[in-house]
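Asks: What follows is a predicted protein model with its sequence.
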Amino acid sequence: MIISEESRQFKDKYFPNASDDDWNDWHWQLKNSFTKIEKLSNIYTLTIDENLIDQENTNIPFKTTPYYAQLLKYSEIRKTIIPTIKQLDYCDEESTDSLGEEADSVTKNLVHRYLDRVLFLTTNNCGSNCQFCTRSRTVSEHSLTYTNEDFEKSFKYIEEHLEIRDVLFSGGDILTMSDSFIEKLLKRARSIKHLEIIRIGSKAPVTFPQRITKEFIKMLKKYSPIYMNVHFTHPSEITPEVKESCLLLADNGIILGSQTVFLKDVNNNTETLKDLFRKLTAIKIKPYYVYYPDYVTGTKYFRSSIQEMIEIQKEILGKISGFCIPNFVIDTKDGNGKVRMMPNFTTIKENIIEIECFNGNKVEYKI
């Protein structure tokens, strides 16, 4: 993998003993991750809010790879990774399991909410911990592990339920696991005849793009088609390394989509999202979802208004190609599923429907 000039300067300054081979080894990236906030003070001046957080006693997860740490110079990305005292300002609607995944868990690591698909949890480990994470309750629980027996129970459940045609492997991040273990899961999934779609949810191509090796790609291709949804937050994440990793996936038949969380003071403006969606499409990634932040405990300061999200979507429509525009959704509380949030472009009066177009013009149709 290439090492961009920005990465090389960062590596040489803060990891002078690391060779290029070290830096491009995803195992090295994970092994040398920052897990203590104070360790970042050698690179960045911590704010008062960042310094005040008691990482040990609050059990707030923090981790970021050396590669991704260089992007914390961007305030938008920094906010999503470094915990602050603001996360102790809770609101009554928040909970550790706001989406009600535990209620829909049919095994220790399998969530069956929608009729034809399941969420298959593989690990609680990530390359970097997002502070707005839906599953922070599990990634902060370092003792949580899944055994081979747990995995087999989940596969047995899928085998016994013929209505299931789609499995999403997630976590944590499945790409923190070895190629051989991922292949074991994929092979087992492909052995189930009625299971048509295999998906992977990951932020690894963004937080440690070194993970996307030629050996990994060769293994994935054996179980084609594989769909991968990559988690992007901000256009600054699309570095030369990320472009290379995503194009390597796409050019080898991995079907890529993206998901983004709508975050206050991070990406809650029209130009940022337009830039992100255009850049994603340029590297063969279909923007798929923009989520309103889930009501996870301690995430109040990430939430803007739902109305703002709808208005920004309205501003984007018609301004960039429709192929670049994802679904803006709320994943509703307590396991009620995803609902699209759309601007209202129509008014119905008797037998006439009035449609407001992207340019502000209004057109009438008889109904």
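Replies: Received it, and whenever you're ready, just let me know what you need.
Asks: How much space separates the residue nearest to residue 270 when sequence neighbours are not counted from residue 70?
Replies: Closest residue to residue 270 apart from its sequence neighbours, by Cβ to Cβ, 6 or more residues apart in numbering: residue 315 at 4.6 Å. In short, each C-beta sits where N, CA and C put it, glycine included. Distance, residue 315 to residue 70, by Cβ to Cβ, to the nearest Å: 32 Å.
Asks: Kindly report the same for residue 84.
Replies: Distance, residue 84 to residue 70, using Cβ to Cβ: 20 Å.
Asks: Kindly report the same for residue 187.
Replies: For residue 187, the distance to residue 70 - Cβ to Cβ - is 36 Å.
Asks: Name the residue in these two with the higher neighbour count.
Replies: Taking neighbours as other Cβ atoms under 10 Å, residue 187 and residue 70 compare with residue 70 leading, 21 against 12.
Asks: in what helix or strand does the residue nearest to that one when sequence neighbours are not counted lie?
Replies: Among residues not flanking residue 70 along the chain, residue 10 sits closest, at 4.1 Å (Cβ to Cβ, 6+ apart). Using DSSP states H and E, residue 10 sits in helix 5-14.
Asks: so what's the residue nearest to the spatial centre of the chain up against?
Replies: Against the mean C-alpha coordinate of the chain, by Cα atoms, centre = their mean, the closest residue is residue 231 at 2.9 Å. Shown in contact with residue 231 (Cβ atoms under 8 Å, 6 or more residues apart in numbering): 130, 201, 202, 203, 206, 258, 259, 260.
Asks: Double-check that the last one belongs to a helix.
Replies: No - in this structure, residue 260 is strand, not part of a helix, as judged by DSSP: H, G, I helix; E, B strand; the rest coil.
Asks: That one contacts residue 326, correct?
Replies: Yes - the pair residue 260 and residue 326 passes the contact test of Cβ atoms under 8 Å, sitting 7.3 Å apart.
Asks: list the residues that contact both of these two?
Replies: 287, 289, 290.
Asks: and the last one, what are its bridge partners?
Replies: Just to be clear, that refers to residue 290. Beta-bridge partners of residue 290, counted by DSSP bridges, are residue 260, residue 328.
Asks: I'd assumed residue 260 was in contact with it.
Replies: Yes - with contact defined as Cβ under 8 Å, residue 290 counts as touching residue 260 (5.0 Å).
Asks: Quickly find the element holding residue 288.
Replies: Taking DSSP H and E as the criterion, the element that holds residue 288 is strand 286-291.
Asks: all helices of the stretch 151-300 of the chain, in order?
Replies: 179-190, 204-207, 214-221, 240-251, 270-282 (DSSP state H, counting those that start in this stretch).
Asks: Which stretch among the ones you listed is buried most, on average?
Replies: Comparing these by mean neighbour count (mean count of other Cβ atoms under 10 Å), helix 204-207 comes out on top with a mean of 27.
Asks: circling back: let's have the helices of the stretch 151-300 of the chain in JSON lines, adding distance to residue 102 and mean pLDDT.
Replies: Output for those, formatted as JSON lines (distance: least, Cβ to Cβ, whole Å; pLDDT from 0 to 100):
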{"stretch": "helix 179-190", "distance to residue 102": "22", "mean pLDDT": "98"}
{"stretch": "helix 204-207", "distance to residue 102": "25", "mean pLDDT": "98"}
{"stretch": "helix 214-221", "distance to residue 102": "30", "mean pLDDT": "97"}
{"stretch": "helix 240-251", "distance to residue 102": "32", "mean pLDDT": "98"}
{"stretch": "helix 270-282", "distance to residue 102": "32", "mean pLDDT": "97"}
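Asks: who wins for proximity to residue 79 among those helices?
Replies: helix 270-282 (13.2 Å; Cβ to Cβ).
Asks: Show the low-confidence segments of the protein, by residue range.
Replies: 55-56, 140-143 (pLDDT under 70).
Asks: What are the boundaries of the strands in it?
Replies: Secondary structure of the chain (DSSP state E): strands at 105-107, 110-111, 117-121, 166-170, 197-202, 226-231, 255-261, 286-291, 327-332, 337-340, 346-349, 352-356, 362-366.
Asks: In the fourth one, which residues are buried?
Replies: Right, strand 166-170. Buried residues in strand 166-170, counting neighbours by 16 or more other Cβ atoms under 10 Å, are found at 167, 168, 169, 170.
Asks: Specify the beta-bridge partners of the third one.
Replies: When bridges are called by DSSP bridges, residue 169 pairs up with residue 120, residue 200.
Asks: Spit out the contact partners of it.
Replies: Applying Cβ under 8 Å, 6+ apart, we find residue 169 in contact with 120, 122, 185, 189, 198, 199, 200, 201.
Asks: Now distance to residue 267 too, for those residues, in CSV please.
Replies: Formatted as CSV, the contacts of residue 169 follow (distance: Cβ to Cβ, whole Å):
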residue, distance to residue 267
120, 28
122, 27
185, 32
189, 33
198, 29
199, 24
200, 23
201, 19
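Asks: By neighbour count, which of the residues you listed wins?
Replies: Ranked by neighbours (other Cβ under 10 Å), these are led by residue 120, which has 28 neighbours.
Asks: so what's it up against?
Replies: For residue 120, the contacting residues are 109, 110, 154, 167, 168, 169, 170, 185, by Cβ under 8 Å, 6+ apart.
Asks: what's the closest of those residues to residue 75?
Replies: Proximity of the contacts of residue 120 to residue 75 was ranked by Cβ to Cβ; the top entry is residue 170 with 28.2 Å.
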